[in-house]
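>>> Starting from these lines, generate the structure:
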Amino acid sequence: MRHAVLQLAPEKGQVRRNLAHLEAALLELAEDAPEVVVVPEAYPTGYFLQGGVRELALTVDELAEALDGIHRRAWEGPLDLVIGFYEKDEQSGDYYNAAAYFELGGRGLLHRHRKVFLPTYGVFDEERYLSRGHGVRAFDTRFGRAAILICEDFWHSITSTLAALDGAEVIYVPSASPARGFSGPRPANVERWRQLAMSVAAEHGVYVVLASLVGFEAGKGMSGGSLVASPEGRLLGEAPVFEEALLLVDLDLARIPPVRYDNPMLADLKSGLPILWNDLRRIREEL
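Model prediction:
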């Protein structure tokens, strides 16, 4: 299952230009024939919108229509696409930092995840403008079972644990991570992403696919460093920092059962969960 991670730099607020840039990237990808393409968090608009979310957010139907047009013009045959975007919910009027999995040329929207953990500290201000999502669920694709977590969602170990318990074999992580900490060869946040991805992959026997935004917004440089980690906890590919890049990696889901057999952490967790239920209930009641 060939994956293409598109590490792209959007123009802030320029939805048409950014989607045209995505179309051009897909046209260039045709010879590589990926089956799944992964695009970073908030790509159609850029990340640091703040109050501009209300004017620029897309409904999932609007995004689906735009992507269907891109698919017809740029691709032959079906293509699965994971993309982060700011979403307007027409029924509730709420706005979300969301990501969707589309089977273009097939069943259309398969899953939408709304970001649960909205950072509102440091340079971040998400919860002032956005509503929280309300859960983590795995879903079925034509290749296997997957889950989506958005940026800070992945920094909380409980979310990837829930995804793995729900059957996810691949965890997709669209991200927009401003570079910070420059004491080593890479920004400290890029190093942290590498450690997290390898640790989560090894603990649960899953693939982790991180698509990280690049470019400058509001004086902040998005770091990039997109990557793919194997169920053994090894890096299968890694993109450079601070520049647009294409990362092509083949995922073999048949590797997961033998890896989990040799390192049965997920099976042990499933067996041990009933022991912890009372503590989980107690902690919930005390919150």
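>>> now the helices for this protein?
15-29, 53-56, 60-74, 152-155, 157-165, 188-204, 256-262, 265-286 (DSSP state H).
>>> any idea how far residue 50 is from residue 238?
31 Å (C-beta to C-beta, to the nearest Å). Yep, even glycine has a C-beta here, placed from its N, CA and C like the rest.
>>> Looking at the two, which is more packed in?
residue 238 (22 against 13; other C-beta atoms under 10 Å).
>>> Not counting residues beside it along the chain, what's closest to the more buried one?
residue 227 (4.5 Å; C-beta to C-beta, 6 or more residues apart in numbering).
>>> tell me, how many neighbours does the one you found end up with?
25.
>>> What of the one 3 residues further on?
Counted by other C-beta under 10 Å, the residues lying close to residue 230 total 23.
>>> quick one: contacts for the residue nearest to it when sequence neighbours are not counted?
Excluding its sequence neighbours, the residue lying closest to residue 230 (C-beta to C-beta, 6+ apart) is residue 236, at 5.2 Å. With contact set as C-beta atoms under 8 Å, 6 or more residues apart in numbering, residue 236 has these partners: 228-230, 249.
>>> could you redo the last one with a cut-off of 6 Å?
When contacts are counted by C-beta atoms under 6 Å, 6 or more residues apart in numbering, residue 236 is found next to 228, 230, 249.
>>> want to throw these into a markdown table with distance to residue 202 and pLDDT?
Shown next, in a markdown table, are those (distance: C-beta to C-beta, whole Å; pLDDT from 0 to 100):
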| residue | distance to residue 202 | pLDDT |
| --- | --- | --- |
| 228 | 14 | 98 |
| 230 | 9 | 98 |
| 249 | 17 | 98 |
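>>> And those, which is closest to residue 222?
Nearest to residue 222 among the contacts of residue 236: residue 228, at 18.8 Å, using C-beta to C-beta.
>>> So what sits opposite that closest one in the bridge?
In this entry, residue 228 is beta-bridged to residue 209, residue 237, by DSSP bridges.
>>> Is it correct that it is in contact with residue 251?
No. If you go by C-beta atoms under 6 Å, residue 228 and residue 251 don't touch, sitting 7.4 Å apart.
>>> Which one of these two is surrounded by more residues?
residue 228 (26 against 22).
>>> separation between the more buried one and residue 249?
As judged by C-beta to C-beta, residue 228 and residue 249 stand 4 Å apart.
>>> I appreciate the help and will end here.
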